[in-house]
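Asker: Fold the following and give me the result.
(chains A and B)
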Amino acid sequence: MTLRASLSGFPEWLPGGRVVEQQILDTARRAFELHGFASLETRSVEPVDVLLRKGEVDKEVYAVRRLHDDDESALALHFDLTVPFARYVVENAGQLSFPFRRYQIQRVWRGERPQEGRFREFTQADIDIVDVGVLAQHHDAEMAMVMADVFADLPIPPTVILLNNRKVLQGVYRGLGIADTPSVLRAIDKLDKVGVDKVRDLLQAAGLTAQQADLCLALADIRSADGSFVDRVRALGIEDPLLDEGLAELLEVLEVVNHARPGAAGVDLHIARGLDYYTGTVYETQVVGHETFGSICSGGRYDALATDGTTTYPGVGISLGVTRLVSLLLGRDLVRASRPVPSAVLVAVVGEESREASNAVAHILRSRGIPCEVAPAAEKFGKQIRHADRRGIPFVWFPDAAGDTVKDIRSGEQVGADATTWAPPDTDLRPRVVVVAEGDEGAT
RNA sequence: GUGGGUGUAGCUCAGCUGGUAGAGCGCUGCGUUGUGGUCGCAGAUGUCGCGGGUUCGAGUCCCGUCACUCACCCCA
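Answerer: The predicted structure follows:
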């Protein structure tokens, strides 16, 4: 296990797990910057009313206050990165140029009961684009393509970004004369978990007729990797202008994404998304073979979230659940770090009186970009090698006045070497994330 | 917040109807006295989650409490 569960919901990885997490963070950052997103960080805390304004839903928000104040200022840890970003855009609109694109990688906090893949403190890697007044539709497809690039660069199983559009759902519900859209959305969202019959019960409990419920279920049942979903929705025979708009948008996003990144996305009309500020496209991402684990990357378009009263800043964003993804990869042993420490070389110490000579070797290696450490004690070489072995350090360097040698402790091969010219193979230079082969148990 | 399950060595767990705590892995040492991994031998380690109760006696039964975990809720 690479997860310490001392405080439930506040994960702390062991060093090997952190290697995996950092690789994901580096990969995301790299992809985001290649797509021109500027880095941004917002404060961890927001006034409570900012966090709760959108959607009365008493989100599981953590309040923050000084222990000694009886206090007034109701602050809370942010619940996601989208709402603080919307606030930031409104506050700094005068100094930003639009359309504004930024990425933001930070922790967020939610006071929900933890479970597999669900934490109270976790890291999101978020990208958003906002504009003034109107945001071009093509950005909806762009979001999915950027994330597809991230996934393509990660050592993880295939993923699929599932698309839907709130307008399609709302258009259908409105066309059916259904008033209570939110509870229908919530019921539909449970399809995978509780099954068709339970959801039908829920829908009827929400006041739908049997016929309405069946049409909602038929709609939710539509999934496709191509444009064929449009005809299947039409076949339900429901007419509504919002539906037309939603279908057109959804079709465009799907076609653009899959043209550029074949197979990266699919349409799934039962994706609803809980957050209430979404107004159009919504995204959810499954890891193939781990569909029940939950979405590792979600988001959507919000046309009315950011506003100062006179000007509205519509946006679209998507957020990678870094912590959730790491917990999936480690918890199911899908990947491992090649070693938990950066060191590629352990420089042995012959005797404490010659530690300086070992330090000098290490200094030269480091100056050439080779991470290394010096043995902590001048023990017998067997123990020094074992020290390296346990940490996964592949090479042990033996300083010797008659000529240094370096040993690859995996093969046992030991050769003469000069610190000014020797280098490990590229694959050993830094810890790597390696995919665990089927049935490959044990080992570090 | 509501309901179920679990809490014994660093880790995974065993411990039957109460009789003073065990295994595997890991760890330490030796065989091999400055070249590890395999193998063999030897060894160390526990407030049995915490508090109370019943009992001659509680890891075991009862009550409470905390933590973890699963489900609901919600979601990355």
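Asker: near RNA strand B, which residues of the stretch 51-200 of chain A?
Answerer: Residues of the stretch 51-200 of chain A found near RNA strand B (C-beta under 7 Å from any atom of the strand) are A:57, A:59-60, A:80, A:110, A:112-119, A:122, A:124, A:186, A:189-190, A:193-194. For the C-beta atoms, the positions are set from N, CA and C on the backbone; glycine is no exception.
Asker: Keep only those of these that are in strands.
Answerer: A:Phe122, A:Gln124 (DSSP state E).
Asker: so what's A:Phe71 scoring on pLDDT?
Answerer: Rather than Phe, residue A:71 is Asp. For A:Asp71, the model assigns a pLDDT of 62.
Asker: Check the residues of the stretch 51-200 of chain A next to RNA strand B for burial and list the buried ones.
Answerer: For those, a burial check counting by 16 or more other C-beta atoms under 10 Å picks out A:Lys59, A:Asp80, A:Arg110, A:Pro114, A:Gly117, A:Arg118, A:Phe119, A:Phe122, A:Gln124, A:Asp189.
Asker: who's in contact with the second one?
Answerer: Spelled out, it's A:Asp80. Shown in contact with A:Asp80 (C-beta atoms under 8 Å, 6 or more residues apart in numbering): A:Val108, A:Gln124, A:Asp126, A:Leu275, A:Ser319.
Asker: What parts of the stretch 251-400 of chain A come near RNA strand B?
Answerer: A:273-276, A:284-285, A:294-299, A:319-321, A:323-325, A:348-351, A:378, A:380-386, A:389-390, A:396, A:398.
Asker: In helices, which of these appear?
Answerer: A:Thr323, A:Arg324, A:Leu325, A:Phe381, A:Gly382, A:Lys383, A:Gln384, A:Ile385, A:Arg386, A:Asp389, A:Arg390 (DSSP state H).
Asker: Make CSV from those and add pLDDT, neighbour count and distance to A:Tyr88 to it.
Answerer: Output for those, formatted as CSV (pLDDT from 0 to 100; neighbours: other C-beta atoms under 10 Å; distance: C-beta to C-beta, whole Å):
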residue, pLDDT, neighbour count, distance to A:Tyr88
A:Thr323, 95, 22, 23
A:Arg324, 94, 23, 24
A:Leu325, 95, 26, 25
A:Phe381, 95, 15, 57
A:Gly382, 94, 8, 58
A:Lys383, 94, 13, 54
A:Gln384, 95, 21, 52
A:Ile385, 95, 19, 53
A:Arg386, 94, 14, 52
A:Asp389, 94, 15, 49
A:Arg390, 92, 11, 46
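Asker: What sits closest to the closest residue to RNA strand B within the stretch 301-444 of chain A if chain neighbours are left out?
Answerer: Per C-beta to the nearest atom of the strand, A:Gly321 is where the stretch 301-444 of chain A lies closest to RNA strand B, at 1.9 Å. In space, A:Gly321 comes closest to A:Ile296 once its chain neighbours are excluded; the distance is 5.1 Å by C-beta to C-beta, 6 or more residues apart in numbering.
Asker: And the helices in the stretch 201-350 of chain A?
Answerer: A:210-220, A:229-234, A:241-260, A:322-331 (DSSP state H, counting those that start in this stretch).
Asker: most packed of the ones you listed?
Answerer: For the helices of the stretch 201-350 of chain A, the largest average neighbour count (mean count of other C-beta atoms under 10 Å) is found in helix A:322-331, namely a mean of 23.
Asker: re earlier: if you tally nearby residues, what's the number for the residue nearest to A:Gly321?
Answerer: The number of residues packed near A:Ile296 is 26, by other C-beta atoms under 10 Å.
Asker: and if you look at A:Glu356?
Answerer: Per other C-beta under 10 Å, the neighbour tally for A:Glu356 reads 10.
Asker: Same question for the one 3 residues further on.
Answerer: Neighbours of A:Asn359 under the rule other C-beta under 10 Å: 14.
Asker: Ok, the one 5 residues further on next?
Answerer: A count of nearby residues for A:Ile364, using other C-beta under 10 Å, gives 17.
Asker: show me where pLDDT drops low in the stretch 251-400 of chain A?
Answerer: Within the stretch 251-400 of chain A, the ranges that satisfy pLDDT under 70 run A:274-275.
Asker: Okay then, goodbye and thanks.
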